[in-house]
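Novice: attaching a predicted model along with its sequence, questions to come.
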Amino acid sequence: MENMSDVVVVGGGPCGSFAAYNLAKNGVNVQVFEEHNEIGTPCHCAGHLSIKGLKDLGLYPLPKGIVENVFRGATFHSPKGKGFSIRLSSPVTCTVNRALFDGHIADLAKKAGAHYHLGLRVASLAIKNKQVTGVNVEKNGEQECFQCKIVVDAEGISSRLLRQASLQTLDRPMVVNAVEAEVENVENIETDMVDVFLGTDVAHGFYAWLIPKGEGRAKIGLAARYGNPRDLLHKLMHAHPAASEKLRNARVLQTFFHPVTLGGNIPRTYTDGFLVAGDAASQVKPTTGGGVIFGMNSAHIAAEVACEALQRNDFSSVFLSQYQKRWENAFGLDMWFMLKLRKTLDAMSDEAFDRLIRLCRTVRLDKALKDVGDIDFQGRSLLQIMWSPRVWAALGYFFYIYLSANP
């Protein structure tokens, strides 16, 4: 194993692997350290991704077997069980097998020349004169130092290395606890539609979801700021007026638990010899908790800046600040908008959610949204449909809720 490389990537998830892929295909010597023994395990999300987002990254269509289903829209259920559906003109999202998806991105990186080290945990950063110069890896009960010119931190939400790099970590009060479950014997579902269940009693500070896979199987889950996720999931399946009709006879095959960060990006994502991307940087949509597409876009930008730094032999924070400027230009406005929307949603009572669903049905908001094709860059998508009176009606309601919560 080489103890000196151009770049060390911490984390072999899709964000870390995509950074490694984009570095290696440009001739960069890349070492990837993944603490688990297998890529893609344990599972950290439902794998519900936008098709356009994958296409823009050059990853769609995916190899056979990775995509489990595709969807044209979603049905939103109020706390009292009233539904509002948005069906788009063409498939806009898909659900993927996360182990196979993560493995596919890692395979791309390996074929490009990246070196993977599984089951090795990065314990700490190596720092000299306030510059990150490598990582200390736990190996056979001892620590071994691996030198490099740039570290790309894609370790995920644990974000242990940020503190060592003297960067601000995640907004912990905006972290919610999630449970994911694979179930069978699901009934009364539209296989090309995702179900979303709203309400403080269902999942305070977030929502619950049902994502069909076909043949009576589905991925279900929720995330909440308060309460035991396992207990909340059982309540959703057996007591919610809409969810119980679909899930009362469902059998849980396996469950996964993980936190989700909803607080928007950390203020600074670089320092001397160090870049951070993905969940570790909280580059996650505050509205939906989705971080794969934003994280992989950030990873691509991080690789781009790292390649330029290697060419210039300049690994200072002054030069690496280009990374932050570029990703903020790419989706900073969308992140700001989604964070405002998240805080508005957090302020809503169950009665307010019921009124919102009724309003959306009354003004036929689905007609204004039927041609929206980009669900990742939500601020940008809103600007494209601002002309619609239906959108203004919904925005007026959100504006009222926001002012009520922020007098």
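Specialist: Received the coordinates, thanks.

Novice: okay, CA-based contacts and neighbour counts for the rest of this
Specialist: Will do.

Novice: which residues does residue 206 contact?
Specialist: Residues in contact with residue 206 (C-alpha atoms under 8 Å, 6 or more residues apart in numbering) are 176, 198, 222, 223, 224, 225, 346.

Novice: now, those that are in strands?
Specialist: 176, 222, 223, 224 (DSSP state E).

Novice: which stretches of the stretch 51-200 of the chain have low pLDDT?
Specialist: Within the stretch 51-200 of the chain, not a single segment meets pLDDT under 70.

Novice: hey, where'd the strands end up in the stretch 1-150 of the chain?
Specialist: 7-10, 30-34, 48-50, 67-71, 73-77, 83-87, 93-96, 115-118, 121-128, 131-139, 142-147, 150-153 (DSSP state E, counting those that start in this stretch).

Novice: distance of residue 150 from residue 320?
Specialist: 10 Å (C-alpha to C-alpha, to the nearest Å).

Novice: between these two, which one's more packed in?
Specialist: Set residue 150 next to residue 320 and count neighbours by other C-alpha atoms under 10 Å: residue 150 wins out with 29 against 24.

Novice: from what I can see that one touches residue 276, true?
Specialist: No - taking contacts as C-alpha atoms under 8 Å, residue 150 lies outside contact range of residue 276: 10.6 Å.

Novice: re the thing from before, find residues that contact each of residue 150 and residue 320.
Specialist: Common neighbours of residue 150 and residue 320 (C-alpha under 8 Å, 6+ apart) are 273, 274, 275, 306.

Novice: nearest to residue 355 among these?
Specialist: residue 275 (43.7 Å; C-alpha to C-alpha).

Novice: partner strands of whichever strand or helix holds that closest one, with direction?
Specialist: Using DSSP states H and E, the element containing residue 275 is strand 274-276. Strand 274-276 has the following sheet partners, assigned by DSSP bridges: strand 150-153 (parallel), strand 270-271 (antiparallel).

Novice: as a markdown table, the ones you listed with distance to residue 338 would be great.
Specialist: Converted to a markdown table, the strands paired with strand 274-276 look like this (distance: least, C-alpha to C-alpha, whole Å):
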| stretch | distance to residue 338 |
| --- | --- |
| strand 150-153 | 24 |
| strand 270-271 | 23 |
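
Novice: ok, now which ones touch residue 283?
Specialist: So residue 283 contacts 264, 265, 266, 277, 291, 294, 295 (C-alpha under 8 Å, 6+ apart).

Novice: residue 169 now?
Specialist: Shown in contact with residue 169 (C-alpha under 8 Å, 6+ apart): 159, 162, 163, 266, 281.

Novice: what mean pLDDT does the strand or helix carrying residue 302 have?
Specialist: Here residue 302, judged by DSSP H and E, is contained in helix 292-312. For helix 292-312, the mean per-residue pLDDT is 97.

Novice: elements contacting that helix?
Specialist: Applying 3 or more C-alpha pairs under 8 Å, 6 or more residues apart in numbering; DSSP states H and E, one finds that helix 292-312 contacts helix 14-24, strand 48-50, helix 317-346.

Novice: just the ones you listed: most buried one?
Specialist: Mean neighbours per residue, mean count of other C-alpha atoms under 10 Å, is largest over the helices and strands packed on helix 292-312 for helix 14-24, with a mean of 29.

Novice: return the backbone torsion pair for the residue nearest in space to the middle of the chain.
Specialist: Centroid-nearest residue in the chain: residue 291, 1.5 Å away (criterion: C-alpha atoms, centre = their mean). The phi/psi pair for residue 291 (degrees, to the nearest 10) reads phi -130, psi 0.

Novice: rewinding a little: of the strands of the stretch 1-150 of the chain, which is nearest residue 203?
Specialist: Nearest to residue 203, of all the strands of the stretch 1-150 of the chain, is strand 73-77, at 12.6 Å by C-alpha to C-alpha.

Novice: out of the strands paired with strand 274-276, which one sits most buried?
Specialist: Mean neighbour counts for the strands paired with strand 274-276 (mean count of other C-alpha under 10 Å) peak at strand 150-153, with a mean of 27.

Novice: hmm, who's touching that one?
Specialist: 6-11, 16, 19, 132-135, 161, 273-277, 280, 302, 306, 315.

Novice: if we go to 6 Å?
Specialist: Strand 150-153 is contacted from outside by 7, 8, 9, 10, 273, 274, 275, 276, using C-alpha atoms under 6 Å, 6 or more residues apart in numbering.

Novice: fine, thanks again, bye for now.
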